[in-house]
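Trainee: Sequence first, then the predicted structure, then my questions.
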There are 2 protein chains.
Amino acid sequence: MSIPDENVIVVGKKPVADYVLTAILVFNEGYDEVIIRGQGANVAKAVDVYNALVARLQDGVELVDVKIDSFERGRRLVPVIEIRVRRRIA
Amino acid sequence: MSIPDENVIVVGKKPVADYVLTAILVFNEGYDEVIIRGQGANVAKAVDVYNALVARLQDGVELVDVKIDSFERGRRLVPVIEIRVRRRIA
């Protein structure tokens, strides 16, 4: 999985709309792609952020790929998702 | 997203291990691919099932693709994931 970087949005406890706004800000800083990352219980929320971003920007974004993985926390496997989204130039 | 079919495993309230076993049974019935589908809170669990299946079958399976989507339930967007896994012939 990717090393955390400025265009990686780690989804946590904030409302979905906050992460959507962050994604738009990242695009406005000049990044062509953002990666929406969620782990554990935030995997579904990362998909929520993606869906809300698409609802907001519509044809302005496209899905590049979705990676799923896991890491060990103690004896448990924690699920991870990384959703890569690209800004489309109109 | 796919129409539910015999090789689509819809992840719900059962333990992860049950869905892993179901996936193995589907492969043993002769399907080359299974689709692990989760929606809402079960999106993360679908990734858990994928990770547990890979831990179990190791090089015997490979990820084909991951689709994410949503559907409307009332006024909310419910997230959906479909994880397509292929059996690798040794």
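Mentor: Nice, thanks for sending it over. Everything numeric here is computed off the predicted structure, so don't read it as measured data. Numbers count the residues shown, from 1 in each chain, chains lettered A, B, ... in the order given.

Trainee: any idea which element the residue nearest the centre of chain A lies in?
Mentor: Centre of chain A computed as the mean C-alpha position; nearest residue by C-alpha atoms, centre = their mean is A:I36, 1.0 Å away. For A:I36, the enclosing helix or strand under DSSP states H and E is strand A:33-39.

Trainee: Can you list the low-confidence ranges for chain A?
Mentor: For chain A, the stretches flagged by pLDDT under 70 are A:1-4, A:90.

Trainee: immediately after the lengthiest helix in it, which helix or strand?
Mentor: In chain A, with assignment by DSSP state H, the single longest helix is helix A:43-57. Along the chain past helix A:43-57, the next helix or strand (assigned with DSSP H and E) turns out to be strand A:61-73.

Trainee: State the distance from the residue lying farthest from the centre of chain A to chain B.
Mentor: Most distant from the centre of chain A: A:R75, at 26.3 Å, with distances by C-alpha atoms, centre = their mean. Using C-beta to the nearest C-beta, to the nearest Å, one obtains 12 Å as the distance from A:R75 to chain B. In short, each C-beta sits where N, CA and C put it, glycine included.

Trainee: got it, and A:G60?
Mentor: Relative to chain B, A:G60 is positioned 17 Å away (criterion: C-beta to the nearest C-beta).

Trainee: What of A:V54?
Mentor: For A:V54, the distance to chain B (C-beta to the nearest C-beta) stands at 8 Å.

Trainee: How many neighbouring residues does the residue lying closest to that residue once chain neighbours are set aside have?
Mentor: Sequence neighbours aside, A:V61 is the residue nearest to A:V54 in space, at 6.1 Å (criterion: C-beta to C-beta, 6 or more residues apart in numbering or on different chains). Around A:V61 there are 20 other residues, counting by other C-beta atoms under 10 Å in any protein chain shown.
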